[in-house]
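**Student:** could you look at this predicted model? Sequence included:
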Amino acid sequence: MKKAIKVILIVCVLGIVSFLGYKVTIGTQEKNEIAKQLQTIPEFEFLTLDQQPFTKANLKPNLNIIFIYFNSECDFCQYEAQGISDNLESFKDVQFIFVSIEPVDTIKQFAEQYNLNNQQKITFIHDNLNTFSSRFDANSIPYILIYDTDQKLIKKHKGQLNTKAILKVLNK
């Protein structure tokens, strides 16, 4: 009887270890696949604040592209927006895409508060289907992706990245 219990325990432990190993392997493969997809800007479709589709085709050619996933109540996002607003002249070769899942009115207020609305190279996007986080591997706020003029990933950053650091990345 004791031998049967030992065998059952060993089988259960091996089963659990195998299952956990499988889950870790699958998770690692998924992360690697997403990282590979982010090496260039992936295809996407979101809505502008005017409810117009915004896709990869809407990105301006020959500019660095910076995606910023944000929330208007996030202090770090607010500092980031203020820093960009204060240094707009330093970003003449950059198109900013601010992305949020918040209601459109909240996003508009944020853009106005930091004088980022009505800027030719700044677009605010409403992620109405909440797909940016999975498509672009954004699991924190703020989250920043910086792409060069060839739409190749230069930097992926979780958390606040001040203006000087962004400019340093762009000038490498």
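**Tutor:** That came through, no problem. Keep in mind that what you see is a predicted model, and the values were worked out from it rather than measured.

**Student:** quick check: can you list the domain ranges of the chain?
**Tutor:** Segmentation of the chain into domains, based on automatic domain parsing, reads 1-37, 45-170.

**Student:** could you give the mean pLDDT of the shortest one?
**Tutor:** Mean per-residue pLDDT for domain 1-37: 68.

**Student:** for stretch 102-119, same thing?
**Tutor:** 91.

**Student:** endpoints of it, how far apart?
**Tutor:** 20 Å (C-alpha to C-alpha, to the nearest Å).

**Student:** report the central residue of this protein.
**Tutor:** Centroid check for the chain by C-alpha atoms, centre = their mean gives residue 138 as the closest residue, at 4.0 Å.

**Student:** circling back: of the domains of the chain, which stretch is the most buried?
**Tutor:** The highest average neighbour count among the domains of the chain, using mean count of other C-beta atoms under 10 Å, belongs to domain 45-170 at a mean of 16. Where C-beta positions appear, they are placed from N, C-alpha and C, glycine not excepted.

**Student:** what's the span of it from first residue to last?
**Tutor:** Criterion C-alpha to C-alpha; first-to-last residue distance in domain 45-170 is 25 Å.

**Student:** and if you look at stretch 60-72?
**Tutor:** OK, stretch 60-72 end separation, C-alpha to C-alpha: 25 Å.

**Student:** if we can go back for a sec, what kind of secondary structure is the residue nearest to the centre of the chain in?
**Tutor:** coil (DSSP: H, G, I helix; E, B strand; the rest coil).

**Student:** got the contact list for it?
**Tutor:** 69, 132 (C-beta atoms under 8 Å, 6 or more residues apart in numbering).

**Student:** in this structure, which spans are helices?
**Tutor:** For the chain, the helices defined by DSSP state H occupy 2-37, 75-86, 104-113, 132-135, 163-170.

**Student:** now the angle from the last one to helix 75-86?
**Tutor:** What it means is helix 163-170. 70 degrees (axes from the mean of the first three to the mean of the last three C-alpha atoms, to 10 degrees).

**Student:** next one: the third one
**Tutor:** Taking the same axes, to 10 degrees, one finds that helix 104-113 is oriented at 50 degrees with respect to helix 75-86.

**Student:** and for helix 104-113, what are the contacting residues?
**Tutor:** In contact with helix 104-113 (C-beta under 8 Å, 6+ apart) are residues 49, 51, 70, 72, 81, 98, 100, 102, 117, 122, 124, 126.

**Student:** ok, the last one touching residue 100?
**Tutor:** Yes: when contacts are counted by C-beta atoms under 8 Å, residue 126 is listed as touching residue 100 (6.9 Å).
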